[in-house]
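Student: The sequence and its predicted three-dimensional model are supplied below.
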Amino acid sequence: MGDLDGAPTQAEINAQLMANHAELQAALATVTEQLAQIAGRDRANVPRPRRRNQLIPEE
């Protein structure tokens, strides 16, 4: 790898950066999707506002 004492070339560095970038983008997409699913579940559990003539439940 590389040309001077095992040091990587600029092309090798760029290739590694691009590979790391692609991996990071994929991980970010996965996390974003998981957060969207969590947000969707949370919305389903939010209490709905009372209707005009709905009785207030006794505690």
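Tutor: Perfect, I can see it now. All values reported here derive from a predicted model rather than from experimental measurement.

Student: Just the helices from this protein, written as ranges.
Tutor: 10-44 (DSSP state H).

Student: Can you list the low-confidence ranges for it?
Tutor: Of all residues in the chain, those with pLDDT under 70 make up the ranges 1-3, 42-51, 53-55, 59.

Student: rerun at 80
Tutor: By pLDDT under 80, the weakly predicted segments of the chain are 1-4, 41-59.

Student: Can you report how many residues lie near residue 41?
Tutor: Around residue 41 there are 9 other residues, counting by other CB atoms under 10 Å. All C-beta atoms are positioned from the backbone trio N, CA, C, and that covers glycine.

Student: typed the wrong thing, it's residue 9
Tutor: 12.

Student: same thing with the one 4 residues further on?
Tutor: Taking other CB under 10 Å as the criterion, the count of residues near residue 13 is 12.

Student: Ok, residue 12 next?
Tutor: Neighbour count of residue 12, defined by other CB under 10 Å: 13.

Student: Please renumber the chain so that the first residue is 86 from this point on.
Tutor: Yes, from this point I'll number from 86; that puts the last item at residue 97.

Student: Quick one: residues contacting residue 106.
Tutor: Applying CB atoms under 8 Å, 6 or more residues apart in numbering, we find residue 106 in contact with no residue.

Student: State the distance from it to residue 119.
Tutor: 21 Å (CB to CB, to the nearest Å).

Student: Over to residue 142?
Tutor: For residue 142, the distance to residue 119 - CB to CB - is 35 Å.

Student: These two - which one has more neighbours?
Tutor: residue 119 (10 against 6).

Student: Distance of residue 100 relative to residue 123?
Tutor: In terms of CB to CB, residue 100 sits 35 Å off from residue 123.

Student: likewise residue 101?
Tutor: Distance from residue 101 to residue 123, by CB to CB: 33 Å.

Student: Over to residue 104?
Tutor: In terms of CB to CB, residue 104 sits 29 Å off from residue 123.

Student: ditto for residue 107
Tutor: Distance of residue 107 to residue 123, given as CB to CB: 25 Å.

Student: Over to residue 97?
Tutor: In terms of CB to CB, residue 97 sits 39 Å off from residue 123.

Student: CA atoms of stretch 89-101 as PDB?
Tutor: Output in PDB follows, covering the C-alpha atoms of stretch 89-101 (Å, rounded to 0.1, in the frame of the first residue of the first chain):
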ATOM      1  CA  LEU A  89       6.800   5.900   0.400                       C
ATOM      2  CA  ASP A  90       7.700   3.600   3.200                       C
ATOM      3  CA  GLY A  91       4.200   2.100   3.300                       C
ATOM      4  CA  ALA A  92       2.400   5.500   3.400                       C
ATOM      5  CA  PRO A  93      -0.900   5.500   1.500                       C
ATOM      6  CA  THR A  94      -1.300   7.400  -1.700                       C
ATOM      7  CA  GLN A  95      -3.800  10.200  -2.100                       C
ATOM      8  CA  ALA A  96      -6.000   7.900  -4.200                       C
ATOM      9  CA  GLU A  97      -6.000   5.200  -1.500                       C
ATOM     10  CA  ILE A  98      -6.800   7.900   1.100                       C
ATOM     11  CA  ASN A  99      -9.700   9.200  -1.100                       C
ATOM     12  CA  ALA A 100     -11.000   5.700  -1.700                       C
ATOM     13  CA  GLN A 101     -11.000   5.000   2.100                       C
END
